[in-house]
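[1] Based on what follows, work out the 3D shape:
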Amino acid sequence: MKLLRILIIPSLILLYIGPQSSYAADLENHTHAHHHGMAQREAHRQWLIHIVDQYAPAELANQMKKDMTTHQRLVTEWRETADFQKKKQTYQQKHQEFHKKTSEQIRAIRKQVELGKLSPIEGHQKIAGLFAKKDKFHHHETMRQLKTAIRDNDRNAIVSALEQIDKHIQASNQRLSKKLGKNQKQLNR
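    From the prediction side, this is the model:
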């Protein structure tokens, strides 16, 4: 059973990564994925507002809602700038390169497993390592803590996680404000 899981997961990853050329060429799929991502972000935002309403003290709830509204406004403004469009193109190019490189590495790992140079477990671990995030997204860890606290019904841990999330939102708002201020200065020249 473990062997099946170990072989199926990498195969599913390959299925996801495999048809890259059609993904890159198909703008309609990209647009659909982009809208799906936006809907997913809005659903996540609504979920977080629900959690804030349910668990946060009034002062924290008001502050978080204010920060989240500000964040939404700043993100919308940022997405309209030329600087964002440049960064978006750069990101898309890097994303395509990552997928090409990763799929080649996955094929090489699978070949090593087939040849017996790696055990299926080692192969799975190597493939999982290709997708490991490098301490970049601390807010994801905070969200995991929040979900665990909700599951455990630990009100103190929930409030603590919400405070951390609000700090992340405030820091993001500051970064966005700086970016938008920089763009305004460039426009005024």
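[2] those helices in this structure, which residues are they?
    Remark: helices assigned in the chain by DSSP state H are 2-17, 20-25, 27-55, 58-79, 82-115, 120-130, 138-152, 155-188.
[3] If I average pLDDT within each of these, which one is lowest?
    Lowest mean pLDDT within the helices of the chain: helix 20-25, at a mean of 37.
[4] ok, back up a step: could you save the helices of the chain as TSV and add columns showing mean neighbour count?
    C-beta here means a position set from N, CA and C on the backbone, and glycine is covered the same way. Compiled in TSV, the helices of the chain are given as follows (neighbours: other C-beta atoms under 10 Å):
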stretch	mean neighbour count
helix 2-17	13
helix 20-25	12
helix 27-55	12
helix 58-79	14
helix 82-115	13
helix 120-130	16
helix 138-152	14
helix 155-188	15
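[5] Let me know the distance separating the closest residue in space to Gln63 that isn't next to it in sequence from Lys66.
    Among residues not flanking Gln63 along the chain, Asp166 sits closest, at 6.3 Å (C-beta to C-beta, 6 or more residues apart in numbering). The gap separating Asp166 from Lys66 is 10 Å, by C-beta to C-beta, to the nearest Å.
[6] go on, Leu115?
    For Leu115 relative to Lys66 (C-beta to C-beta), the value is 58 Å.
[7] got it, and Tyr55?
    17 Å.
[8] how near is the residue nearest to Gln63 to Lys87?
    In terms of C-beta to C-beta, Asp166 sits 26 Å off from Lys87.
[9] likewise Ala149?
    Applying C-beta to C-beta to Ala149 and Lys87 gives a distance of 34 Å.
[10] same deal with Pro57?
    37 Å.
[11] and what of His140?
    Distance, His140 to Lys87, using C-beta to C-beta: 21 Å.
[12] and what of Arg110?
    34 Å.
[13] next one: Glu42
    22 Å.
[14] Give me the distance from stretch 49-66 to the chain's centre.
    With C-alpha atoms, centre = their mean, to the nearest Å as the basis, stretch 49-66 stands 23 Å off its chain's centre.
[15] Same question for stretch 41-48.
    With C-alpha atoms, centre = their mean, you get 14 Å for stretch 41-48.
[16] Using CSV, list the CA coordinates for it.
    The C-alpha trace of stretch 41-48 is given here as CSV (Å, rounded to 0.1, in the frame of the first residue of the first chain):
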residue,chain,number,x,y,z
ARG,A,41,-8.5,34.5,-2.4
GLU,A,42,-11.9,36.1,-1.8
ALA,A,43,-13.3,32.9,-0.3
HIS,A,44,-10.2,32.8,2.0
ARG,A,45,-10.8,36.4,3.0
GLN,A,46,-14.5,35.7,3.8
TRP,A,47,-13.5,32.7,5.9
LEU,A,48,-11.0,34.8,7.8
